[in-house]
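# structure of the sequence below:
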Amino acid sequence: MVSKDLATLYGRVALVVFAFAFVAAIVAGPLFQKAGLGRSVTAAQETPAPEIIRVKATPVVGGRG
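The predicted structure follows:
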């Protein structure tokens, strides 16, 4: 019975900590953006794909002999 009570207590503590972190993240997000610490969006630089070199293979006439 004691282990069940401890599991319940730890579960409740974990939920409180998770809820606090969740609310803190929601509140802190806009504050960080206003302070200039938010994610900066930069334009993606496209690099051209390397050109594939195609070689025409010729059949080998004859074999080892």
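# give me the low-pLDDT residue ranges for this protein?
37-45, 62-65 (pLDDT under 70).
# list the buried ones in the helix or strand containing K34?
K34 is part of helix 2-35 when elements are defined by DSSP states H and E. For helix 2-35, burial by neighbour count (16 or more other C-beta atoms under 10 Å) applies to no residue. C-betas here are computed from N, CA, C, even on glycine.
# that helix - contacts with which helices or strands?
With contacts defined as 3 or more C-beta pairs under 8 Å, 6 or more residues apart in numbering; DSSP states H and E, helix 2-35 has no helix or strand neighbours.
# ok now it, how far from the chain's centre?
Centroid separation between helix 2-35 and its chain, computed with C-alpha atoms, centre = their mean, to the nearest Å, is 22 Å.
# cool, stretch 30-39 as well?
20 Å.
# which outside residues touch that stretch?
G29 (C-beta atoms under 8 Å, 6 or more residues apart in numbering).
# need the CA coordinates for that stretch. CSV is fine.
What follows is stretch 30-39, C-alpha atoms only, in CSV (Å, rounded to 0.1, in the frame of the first residue of the first chain):
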residue,chain,number,x,y,z
PRO,A,30,6.4,36.0,-26.6
LEU,A,31,8.7,37.7,-24.1
PHE,A,32,11.8,36.2,-25.7
GLN,A,33,10.6,37.3,-29.1
LYS,A,34,10.1,40.9,-27.9
ALA,A,35,13.5,40.8,-26.3
GLY,A,36,15.1,39.7,-29.6
LEU,A,37,16.1,36.3,-28.3
GLY,A,38,13.6,34.4,-30.5
ARG,A,39,14.3,32.3,-33.5
